[in-house]
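S.K.: give me a model of this one.
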Amino acid sequence: MDDFDFRYVDIHEEGISKADLEKTVGKPVHTVPQIFIDKHHIGGCNEFESHARQQQWL
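M.R.: Predicted structure coming up:
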């Protein structure tokens, strides 16, 4: 993936609370990081790994 780009957001530095993050993703958040691709919520690391395998990135 040569065109891969990402943006890291530190929720503490940005003043984003857990409640704010839960509101954005539409469900309870128990872990970080929470991963988004093109503004689409994927989930945590386990969900991202599953998504990456489905996309045959891994």
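
S.K.: so what's the spatially most central residue of the chain up against?
M.R.: By Cα atoms, centre = their mean, the chain has its centre lying nearest to residue 35, at 1.1 Å. Taking Cβ atoms under 8 Å, 6 or more residues apart in numbering, we find residue 35 in contact with 41, 42, 43, 44, 45, 47, 48. C-beta: built from backbone N, CA, C; applies to glycine.

S.K.: excluding its backbone neighbours, what's nearest the last one?
M.R.: It stands for residue 48. residue 35 (4.6 Å; Cβ to Cβ, 6 or more residues apart in numbering).

S.K.: how much space between the one you found and residue 5?
M.R.: The gap separating residue 35 from residue 5 is 14 Å, by Cβ to Cβ, to the nearest Å.

S.K.: got it, and residue 11?
M.R.: From residue 11 to residue 5 the distance is 20 Å (Cβ to Cβ).

S.K.: who has more neighbours out of the two?
M.R.: A count of neighbours by other Cβ atoms under 10 Å puts residue 11 above the other of residue 11 and residue 5, at 15 against 5.

S.K.: not counting its neighbours along the chain, what's nearest that one?
M.R.: Closest to residue 11 by Cβ to Cβ, 6+ apart is residue 21, at 6.5 Å.

S.K.: what's the neighbour count on that neighbour?
M.R.: Look at residue 21: counted by other Cβ under 10 Å, it has 16 neighbours.

S.K.: quick check: buried residues in the strand or helix carrying it?
M.R.: Element membership of residue 21 [criterion: DSSP states H and E] is helix 18-25. Within helix 18-25, the residues that qualify as buried by neighbour count (16 or more other Cβ atoms under 10 Å) are residue 21.

S.K.: from the chain's centroid, how far away is that helix?
M.R.: 12 Å (Cα atoms, centre = their mean, to the nearest Å).

S.K.: average pLDDT across that helix?
M.R.: Average pLDDT, helix 18-25: 94.
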